[in-house]
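Undergrad: Predicted model, plus sequence, below.
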Amino acid sequence: MKYKIAIKAHWVNSWFLKLLSKPVAVVGHAEHPLTWSKPTEIEIEQDAPVRIGVGVRYFGRGKLLGVSVTELPAHSTPELSSGVIAFRNGFWNHEPFKLV
């Protein structure tokens, strides 16, 4: 099943993140590049619960920062399959990206 995953930054630090970092989604153990401007479609097997996290790498390299992993149920719910799964960080730049 394909899911649309979006990353959003808090308005206080979004200018900084969008200028200096590259967003990444982690699905299971695989990484998928994201864009700040639109959701990215990612194929996810739903036979078992899957772990999804979103974070950033400054200048596109180094350690993945701001990741908070969320576990999705084994079979998609109508809320997940009908829209975009969005993650957003908090007011402070060091706060992780969480499912919203």
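TA: Okay, I see it.
Undergrad: Name the SS class of V56, please.
TA: The three-state assignment at V56 reads strand, by DSSP: H, G, I helix; E, B strand; the rest coil.
Undergrad: got a list of what it touches?
TA: V56 sits next to 7, 17, 21-24, 64-66, 97 when contact means CB atoms under 8 Å, 6 or more residues apart in numbering. To be clear about C-beta, it is placed using only N, CA and C from the backbone, and glycine gets the same treatment.
Undergrad: Check those residues for burial and list the buried ones.
TA: Buried by 16 or more other CB atoms under 10 Å: 7, 17, 21-24, 65-66, 97, out of the contacts of V56.
Undergrad: Now the two most distant members of those residues.
TA: Taking CB to CB, the two most distant members of these are K22 and F97; they sit 13.3 Å apart.
Undergrad: could you pull out the strands for this structure?
TA: 2-8, 21-27, 30-33, 40-43, 50-58, 70-72, 84-88, 98-99 (DSSP state E).
Undergrad: mind putting those in TSV, mean pLDDT included?
TA: Shown next, in TSV, are those (pLDDT from 0 to 100):
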stretch	mean pLDDT
strand 2-8	92
strand 21-27	96
strand 30-33	96
strand 40-43	93
strand 50-58	94
strand 70-72	87
strand 84-88	93
strand 98-99	94
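Undergrad: Against A48, how distant is E71?
TA: 10 Å (CB to CB, to the nearest Å).
Undergrad: hang on, I meant K8
TA: Distance from K8 to A48, by CB to CB: 28 Å.
Undergrad: And the residue nearest the centre of this structure?
TA: The centroid of the chain falls nearest to V54 when counting by CA atoms, centre = their mean (3.1 Å).
Undergrad: Quick check: beta-bridge partners of that residue?
TA: A25 (DSSP bridges).
Undergrad: if I pick the closest residue to I42 other than its chain neighbours, what's in contact with it?
TA: In space, and not counting its chain neighbours, I42 is closest to H32: 5.2 Å by CB to CB, 6 or more residues apart in numbering. H32 makes contact with 5, 24-26, 40, 42, according to CB under 8 Å, 6+ apart.
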